[in-house]
Each structure stands twice: as structure tokens, then as C-alpha cells.
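K.L.:
sequence first, then the predicted structure:
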Amino acid sequence: MPIQQISGCIGCEACVKSCPTDVIHMNKTTNKAEIRYPEDCQICHLCRLYCPVGAITITPEKHIPVMVSWR
Amino acid sequence: MKSKANLSRRHFMGIAGGIAGAAALASFAFDAPAIENKPKIDASDFTEEKRVLDVLVIGGGMAGLFAAVKAHDAGAKVLMVSKGRIGSSGLTPFAKGIFSYDKNNASMSIDQFVEKVSESAIQTNNPVFTRQLAEHSYARVEELKTWGFFDSPLYNESFMRPISERNIGVEERVMITHLLKQDGRIIGASGFSLDDNKIIHYHAKSVILCTGSGGFKPSGFPVCDLTHDGTIMAYKAGAKVTGKEWNDGHPGSATNSGSSYDNWHGQVEEKPSTTSITINHHLGMDLNYQGYIYGAPVTMGPPMRQAESEPQTRQGGPFTPEAFRMTSPPPPPQKGLLRTLISGKGHSGPPGMGGEQVGGSSAGMAIHKAEGLVPINEQGLSTLPGLYAAGDALGSYMSGGIYTQIGSSLAGSAVQGAIAGEAAAKDSLNLKLSIEVTQQYSDTITEEILAPLKRQRGYSPAWVTQVLQSVMIPNFVLYIKKERMMQAALAYVEELREHHVPMLLASDLHSLRLAHETENMIITAEMKLKASIMRTESRCSHYRLDCPDIDYKNWQAWINIHQDETGKMQLEKQSFDKWPEFS
């Protein structure tokens, strides 16, 4: 997956706000950011660049589930 | 003001009924493939809020920034609303060059500049907006300097500085889906929050669409949050839109083609810089042709350099005016961005420059400033009173049907945003009219917004989007155009619009956004196909294999699109030298 991991999150929400495609949300229980919709990641790296503590790891490969079946 | 969204079942059936309801029943009866919806949020548990202001600015990129600042400075009460974060959504965060016409150092006069752009654009540009860019770019760039824009690769902080200093209201992560219209005038907009179960109705005397352009959520270009939302909501409200036959031709890297970051060679991490006069006629059109004729991937240099090194590619293909055929390497790069036009050295450029290339990376997007709302004057007023547009949401034809001046996209958004902001403020301050709507009207809009959450059976936006992409992105549909293939694609797209759009499902706020975006992409696809079929010539970024020549006799005209009273899409020619009037 593109955005791969958030490790060491301090809960500032910068990545949630700076993601253009709404991939990242706050987990209301842990108060940390989590990757919720990785299939919509455009691999632009804005979340990583806005993260003040370098918590986000991104890989360049994009894997989208192929939906041949009607759904 | 808060109120509970209390929608009657009868009201809801009004939305979901008709074709959609019948289709849903038919699906059920035949055990057809539509899936059952399992909402994670309760569509009956939404609150509604209302804001009242003078000028509503929709969009938080470069155009929105200047629109809000200048509308405020002209005395209006302004609110900015954005689907993403200010300075961190749309294409703005990735644009690193901004054109500044500095009359003290310019290599040509403004008259010469306008003439040269028109020559490259083969007259498809609107010289009024080309001139406006040159006249105002320097002042906007100087303002950006004072806000710290050139000091960081990330734009949120510098964008927020003038906004915070002026105490301008900002609402982020709100998707606007509808314009409010009363007695022929636009008096606001409505949308929903991406974070809370909340509908917001904005009542404003003027609205400025700074919503950017859009694409089909293509692979490898950072435009996946833009789906022509502004254009489509304006079209539905009766505005004329234009420019749908032109193509942005950015290719992507053959390696990791889905990564926008890698396609842009990490350029997003660079601080922005200014560009001076460099007028081109390019952006991938030749590459698309080469890729189609000879197969992908194509190797890269700047487009015409490569054509020079491989003479066979000069046979046929898109026409480039003589003066813009690069037979020698481009001039040495200025600091920052312009090195990006040179292939093979260090970072090798903006998307599509360097390495092995594949096409379709920005599919669904036209040339910057060539698509969007039709202006009736140089202030970006649309064909609907009360509705302005600026930047990529305005079909100003500042550059024409091909990208001409490097860095003009960002500069043009700043210039047009500022002008529209000031005009909209003056317009609204002189206006004495009620900007209230009836409860029934706002209830109907709320129901339309929430409809995908309430449908019990239907189709996921992700699947419908994937079908749309597979129909529209192949190179033989919109890049190397032929009427027969476009008619075939149109049949698919009309099917999606008629049958699948009324059955789009959402289970949470994220997929509610996707559902509305998917509808906007489908209507855009229909516009692009119909305009491309209508334009029976090839010029600039519109290339028809079956009509390969420029038709000066019949096509000194743009194509304007609007929805008639019956809901049907209508296309008409507008002569290059004419401005339309209010619809």
C-alpha cells in the first residue's frame, strides 16, 4: 500500500488535515492518526511533509483492489 | 443556527424515487448485482447549520487565497470553505513556479507577450486574460513574498498568514455540492462536513468558485481530490462552462506510475520560485501521439527535442507552430523550477520529464485556465449573476488550448482570484436583496446531499469510478481521438449517468464524498466526449486522428456547454472574439 505506517504519532492532526484525499483519520479512542482509506492515497507525500515528528512511512507502489465484479 | 435534519420519508422518496427507485426495485427483483448498503452512520442524525456573509470563497488554493484577501480588503464579510486544507489541497501545493512579469527586466513588452502567447495558442487564448496575467502577476508575487510564500516548500503557513491577520473565517474539510439559486441569482452554497454529521448552508450575496479543475482520479498525478466539483455544481445551476475538449498531456513515469510524488521527482519538497518569459507550445501532446503510434513507454527529453532526434515521429501527429519547434536545447534553467524543463540532469523535471514515460497520468484534466465557467467579463463573472470563478475553475483561456507560459498557472490563479475577490465584494456591498431561501428548498438540497447514504441498494463509488476510468483513460479515447471510439465511450458514460449515478451508495462521510465526486466525474466525461466529438478539427491539445488539420474557417471558436430546461446537455460555439451574456 502507498501510505504504509504511522509510527510515533503525537496526535497533532496535521496529517489528517493536510491529506487532500481524506485517507487519514483520528482514532477517537487512541487520539492518534490512523490510515483509514489507503486505496485513495495518491502518494503525494503531503502528510509526511507536514508531520512534525517524521512518523509517516510511504512506499511508491500503489495497489488498488481490482474490482471486476459488480459492486 | 442549528437545526436537526428532519427529513420525511416522502421527501426522501422524492429524491430516491423515479428512475433510481424503479431501478433499485428492478435490481432486487432480478437479483441483479447491486450491493446492499450497510451505512456506518445514521443519515437521519445530521444537524444543519447556516452561515450568512457577503462573499463566499469556495476553495483554498492560490485563487481562493487571493479572492478571500481582496474581497475582505474591499470591505466584505468573507468566509473561505475548502474540501481540504488551505494551501494543502488541489494542485496548488505541487506548483513550484510562479510567473512574474517584471516590466523592468522583461525580455518583451506586454503587447509582444500577448501576441506571442496567441501565436503559440493558435488564437485559442482570450488575449484579455493573457494581458491581465502579465499586468498583475508582479504585484501578486510581491504580496506573496511578504507573506513568506517563497520561504517554505509547504504553503499552509504562508497562506494562513494574511487570512489570520485579517481574521477571515475559514472552514476546512467541508465538501460543497450545491449552489443556492433564487430569482436567477446565486445566493450561496451548501455542503457537508467530512468530520461530523453536519450539513452547512452558506448564504452569501456573491460566491467565488476557486475549486480548481479536476480529473478522473488518474494514476500518478496529484489531482485525485479534484473532480470538477465547482464546474458541475455551476452547470447544474444553469451556468455555461467551456474548455472540455482540451487535454492536459502530462505523462507519468513508467516506474511506480501510481506515485504522484515520484512522478514529480520530489518537487513538492522544493521551495517555490519565480519564472520569467518562456513561451512554449507543449505538455505531452507529441508524446501521446508517439505512445499511440509506436507504443509505450516513450523515452523523454523535452517533447520537441525528442522529436528532432527521432525524425520518424515528425510524420503526422499534433501540429506545433513553427516558432515553437524546439530544435536546440531549451535555455539554461533559472533557479528552482526551470531546471525542471531540462531532461536528464539531477531531478529531471515536472511530471513527464525524464526517464521512461507512460501516458494518461492527468486524465480528465484540460489545460490550466482553459476549462471551467464561461466568463462574461474580465472579472471572472459567470453567466449567472452573483457567481464568479477564478483560477482553474474559470474557463478564461488565459493560455488557450495549450500550456504556453511556464509558471502562468499559479500566477494566473493569484491574479484572477484577486480581481474576482474585489469585484464580488463590490457587487455584494451594493446589493440589497434577501439571501434567504425557503425551508423546502434547503430541505431538498439536504436530501440530495444525503441520498447516497439512504439508498438501500446500489453501486459503490469506487466500482463506478473504476468503470469510468477504464472507459475514459485509454489513449484511443480522449488523447488520440476518433469519432467512432468517442461515440462508443459516450454510450458507456451515458449509461453510468442515467442508471448508476442515481444508485451511488455511501456508508460514511468519506464515501459520501466519493459518491458526489463520482457523479461530477461522470458528467465531466460526458462533456469531454461531446465537446471533442463536436470539434471537428485538431488544434493545440485537442487531437483528432480523423480530423488532423486546423480548421480556420469553422473553428475560430470555443465550445460552451450548458444544461437546458429539460436537463439536457447543450453545446454551442462561441466565436473567439465574442463574450457571452448572462444566461
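P.N.:
Happy to help now that I have it.

K.L.:
tell me how many other residues surround the closest residue to chain A within the stretch 351-500 of chain B.
P.N.:
Closest residue of the stretch 351-500 of chain B to chain A, Cβ to the nearest Cβ: residue B:463 (4.8 Å). (C-beta placed from N, C-alpha, C; glycine too.) Number of residues near residue B:463 (other Cβ atoms under 10 Å in any protein chain shown) recorded here: 20.

K.L.:
my read: it touches residue A:70, true?
P.N.:
Yes - counting by Cβ atoms under 8 Å, residue B:463 does reach residue A:70; the two are 6.8 Å apart.

K.L.:
could you find the closest non-adjacent residue to the residue of chain A found nearest chain B?
P.N.:
For chain A and chain B, the shortest gap (Cβ to the nearest Cβ) falls at residue A:62, measuring 3.0 Å. Distances taken as Cβ to Cβ, 6 or more residues apart in numbering or on different chains place residue B:258 nearest to residue A:62, at 3.0 Å, with adjacent residues excluded.

K.L.:
what helix or strand is the one you found on?
P.N.:
For residue B:258, there is no enclosing helix or strand under DSSP states H and E.

K.L.:
now do the same contact list for it.
P.N.:
A:2, A:43, A:60, A:61, A:62, A:64, B:219, B:220 (Cβ atoms under 8 Å, 6 or more residues apart in numbering or on different chains).

K.L.:
what's the PyMOL syntax to select whichever of these are buried?
P.N.:
Burial among the contacts of residue B:258 is assessed by 16 or more other Cβ atoms under 10 Å in any protein chain shown; the matching PyMOL selection reads:
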select buried, (chain A and resi 2+43+60+62) or (chain B and resi 219+220)
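
K.L.:
out of the contacts of residue B:258, which one has the lowest pLDDT?
P.N.:
Least confident by pLDDT among the contacts of residue B:258: that is residue A:64, with 74.

K.L.:
is it true that that residue touches residue A:39?
P.N.:
Yes - contact criterion Cβ under 8 Å: residue A:64 and residue A:39 qualify, at 5.4 Å.

K.L.:
can you redo the contacts of residue B:258 as CSV with secondary structure and distance to residue A:18?
P.N.:
Listed next are these as CSV, based on DSSP: H, G, I helix; E, B strand; the rest coil; distance: Cβ to Cβ, whole Å:
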residue, secondary structure, distance to residue A:18
A:2, coil, 15
A:43, coil, 14
A:60, coil, 19
A:61, coil, 22
A:62, coil, 19
A:64, coil, 22
B:219, coil, 21
B:220, coil, 20
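
K.L.:
pull the most distant pair out of the contacts of residue B:258.
P.N.:
A:60 and A:64 (14.1 Å; Cβ to Cβ).

K.L.:
pretty sure residue B:418 sits in a strand.
P.N.:
No - counting by DSSP: H, G, I helix; E, B strand; the rest coil, residue B:418 is not found in a strand; it is helix.

K.L.:
now do it, the pLDDT please.
P.N.:
98.

K.L.:
so what's it closest to, chain neighbours aside?
P.N.:
residue B:66 (4.1 Å).

K.L.:
chain B contacts on chain A?
P.N.:
Residues of chain A that fall close to chain B, judged by Cβ under 8 Å from any Cβ of the partner chain: A:2, A:17-22, A:36-37, A:39-40, A:42-46, A:49-50, A:58, A:60-62, A:64, A:66-67, A:69-71.

K.L.:
show me which of those residues are buried.
P.N.:
The buried subset of the residues of chain A next to chain B (16+ other Cβ under 10 Å) comprises A:2, A:17-22, A:37, A:40, A:42-46, A:49-50, A:58, A:60, A:62.

K.L.:
residues of chain B that sit close to chain A?
P.N.:
B:33-35, B:84-85, B:88-90, B:93-94, B:153-154, B:156, B:172-173, B:194, B:219-225, B:256, B:258-262, B:266, B:268-269, B:459-460, B:462-463, B:466, B:510, B:513-514.

K.L.:
for ChimeraX, write the select line for the buried members of the residues you listed.
P.N.:
To isolate the buried ones among the residues of chain B next to chain A in ChimeraX, judged by 16+ other Cβ under 10 Å, type:
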select /B:34,35,84,85,88,89,90,93,94,154,156,172,173,194,219,220,221,222,223,224,225,256,258,259,260,261,262,268,459,460,462,463,466,510,513,514
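
K.L.:
among the residues of chain B next to chain A, name the ones in helices.
P.N.:
B:156, B:260, B:261, B:262, B:462, B:463, B:466, B:510, B:513, B:514 (DSSP state H).

K.L.:
report the two of the residues you listed separated the most.
P.N.:
B:156 and B:463 (33.8 Å).

K.L.:
residue boundaries of the strands in the stretch 51-200 of chain B?
P.N.:
Assigned strands in the stretch 51-200 of chain B, in chain order: B:78-82, B:97-99, B:169-172, B:174-182, B:185-193, B:198-209 (criterion: DSSP state E, counting those that start in this stretch).

K.L.:
out of those, which is closest to residue B:470?
P.N.:
strand B:174-182 (25.3 Å).

K.L.:
off-centre distance for that closest one?
P.N.:
Relative to the chain's own centre, strand B:174-182 is displaced by 17 Å; criterion: Cα atoms, centre = their mean, to the nearest Å.

K.L.:
before we move on, what about stretch B:68-82?
P.N.:
22 Å.

K.L.:
quick one: end-to-end length of that stretch, please.
P.N.:
Terminal residues of stretch B:68-82 are spaced 12 Å apart (Cα to Cα, to the nearest Å).

K.L.:
tell me the mean pLDDT for it?
P.N.:
98.

K.L.:
and what of stretch B:501-521?
P.N.:
Rounded mean pLDDT across stretch B:501-521 is 98.

K.L.:
restricting to C-alpha, output it in CSV.
P.N.:
Taking Å, rounded to 0.1, in the frame of the first residue of the first chain, the C-alpha atoms of stretch B:501-521 are listed here in CSV:
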residue,chain,number,x,y,z
VAL,B,501,-25.4,7.8,-10.7
PRO,B,502,-28.9,7.6,-9.2
MET,B,503,-27.8,4.4,-7.4
LEU,B,504,-24.5,5.5,-5.9
LEU,B,505,-24.1,4.4,-2.4
ALA,B,506,-22.3,5.9,0.7
SER,B,507,-21.8,4.2,4.0
ASP,B,508,-19.8,7.0,5.8
LEU,B,509,-18.7,10.6,5.2
HIS,B,510,-15.7,9.5,3.2
SER,B,511,-17.8,7.5,0.7
LEU,B,512,-20.4,10.2,0.7
ARG,B,513,-17.7,12.5,-0.7
LEU,B,514,-16.7,9.8,-3.2
ALA,B,515,-20.3,9.4,-4.3
HIS,B,516,-20.6,13.1,-5.1
GLU,B,517,-17.2,13.2,-6.7
THR,B,518,-18.0,10.2,-8.9
GLU,B,519,-21.2,11.9,-10.2
ASN,B,520,-19.1,15.0,-11.0
MET,B,521,-16.6,13.0,-12.9
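
K.L.:
thanks a lot, see you next time.
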